[in-house]
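**Student:** Just need the structure, nothing else, for what follows:
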Amino acid sequence: MKKENNERAGVVFNFLKEVGRLKKMPRRGWVINQINNPETIAEHIFRATAMSWVLGKRKGGLNQETLLKIAITHDLCEVYAGDTTPYDSVLPKDKKRLKELMKTWPRFSQKEKERNSVKKHEKEKKSLEDLIEELPNDFKKELLDLWMDYENRINPEGRFFSQADRMENFLQAYEYWEYYKSPPLEPWWLWAREFFDEPLLVYFMNVLEYRFHKKEIPKEMKVSFKDLEFFSLLGKLKRKPRREWVVEGIEDAETTAEHVYHLLVLVWATGRENKEIDMEKAIKIALIHDMHEIYAPDFTLYDAAFLSEGEQKERVEEIVPQRKKPTEKQKEKMREIKRESEEEGMKKAVSFLEDDIKEEVYGLWEDYSKKRTVEGDFVRQANEVINLFQRAKYAKEYKEIDCDFWLKKAKENIKDENLLILIEEIEFNLKNKHA
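**Tutor:** This next block holds a predicted model:
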């Protein structure tokens, strides 16, 4: 039994390791548009999942758990297949010509479109099959079925998310355009008019145009405009490096959005066998557990030693601690400041949502922060494990990073059997220099 558990933990460990590669893979469309420090595939998955939740609830009649799982799954194929764009077959090497090309939308014959589509589908399907090969058969089948649903738009959830996914692309294009005046928006509008036929998303596309072109928002668009502001706020988490790693001196540290993406995968992979866990609820909690960081500082253990009674919590982001361990009194003070700051930040973040979704999101966040439900408690444990997983990865690259304290802490705090077994696998791989 122990051998079987260790093998299962090894499979999950390797799966997490491979999907973690998406945190280092920039979205190719932005690379060829010459966007500086573009979003990664993991960051895109994070916001596309959140948007599918809110927009899917606005549409109604969709299975929320299926919709969220499709969102998490849809780009996992790119771990090995890479990211592709419609421009790939016509890209010039000259940067000046490339810039001109980006002002147009590539046109292909129907035959060329079909050939490119089949080639892309086969490459990505093979990539996903390779990625999930070692997973348990039921989980492997679920992932592949969900991906096929997305690819072929088989069910209502697959059809809806295929457009919600592109809507996240469309929003990101507008955000880059607002900041860099790039990419050119004309090709995106041509593409959008061809692609979107879901009435809710066609309507949301018009809201985008009003918002980014500073037009007065019609009264009937107010609800969708608030949703758009909320999605834009979530985009800030794509650009926010986690201070836990900044403090450790990690270059190009993972962002909050990338961390959330990795946690989503872990929660699903390890929580699915626990019959007490409502998976839809657990995924939603994982998705919003760090949402307060849109406004609240990202506190670390070491901040407590640097915040005297007279210093304000707003200064935390300016302080880079020197890994000085705090006293128990300082830690207690920090916990109090942290609780107040995070609650304040979360209330501000959800204030952009309408009451129905606002209540759900804030309630789920309290489930997590107060461990008041099975799902909230499980996600808290999973969060500690994914942090340890990431710390162990960095420890392989940066030898001075300490893992012993965090391993001990995790062993004391984690109660879930599957997560405990995974901790053992993390510890084993830490000791094995070839892992």
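**Student:** burial measure for residue 24, as a count.
**Tutor:** Number of residues near residue 24 (other Cβ atoms under 10 Å) recorded here: 12. Heads up, the C-betas are built off the backbone N, CA and C, glycines and all.
**Student:** domain parsing for the protein?
**Tutor:** 10-239, 250-403 (automatic domain parsing).
**Student:** would you list those in CSV and tack on mean pLDDT and distance to residue 422?
**Tutor:** Listed next are the domains of the chain as CSV, based on pLDDT from 0 to 100; distance: least, Cβ to Cβ, whole Å:
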stretch, mean pLDDT, distance to residue 422
domain 10-239, 88, 6
domain 250-403, 88, 6
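**Student:** tell me the centre residue of the chain?
**Tutor:** Nearest to the mean C-alpha position of the chain, counting by Cα atoms, centre = their mean, stands residue 46 at 2.5 Å.
**Student:** so who does residue 254 touch?
**Tutor:** Contact analysis of residue 254 by Cβ atoms under 8 Å, 6 or more residues apart in numbering lists 23, 241, 242, 245, 262, 390.
**Student:** Let me fix that, I meant to ask about residue 259.
**Tutor:** Contacts for residue 259 (Cβ under 8 Å, 6+ apart) come out as 242, 290, 386, 387, 390.
**Student:** Kindly confirm my reading that the residue nearest to the centre of the chain is in a strand.
**Tutor:** No. Residue 46: not assigned to a strand; according to DSSP: H, G, I helix; E, B strand; the rest coil it is helix.
**Student:** Find the residue closest to it in space, skipping its chain neighbours.
**Tutor:** residue 257 (4.2 Å; Cβ to Cβ, 6 or more residues apart in numbering).
**Student:** That neighbour sits in which helix or strand?
**Tutor:** helix 256-271 (DSSP states H and E).
**Student:** Show the buried residues in the contacts of residue 259.
**Tutor:** 242, 290, 386, 387, 390 (16 or more other Cβ atoms under 10 Å).
**Student:** Show me the two of these that sit farthest apart.
**Tutor:** 290 and 390 (13.6 Å; Cβ to Cβ).
**Student:** gap between the strand or helix carrying residue 141 and the chain center?
**Tutor:** Taking DSSP H and E as the criterion, residue 141 maps to helix 137-152. Chain-centre distance of helix 137-152: 19 Å, with Cα atoms, centre = their mean, to the nearest Å.
**Student:** buried set for that helix?
**Tutor:** Judged by neighbour count using 16+ other Cβ under 10 Å, the buried positions of helix 137-152 are 139, 140, 142, 143, 144, 145, 146, 147, 148, 149, 150, 151.
**Student:** got the angle for it vs helix 256-271?
**Tutor:** 130 degrees (axes from the mean of the first three to the mean of the last three Cα atoms, to 10 degrees).
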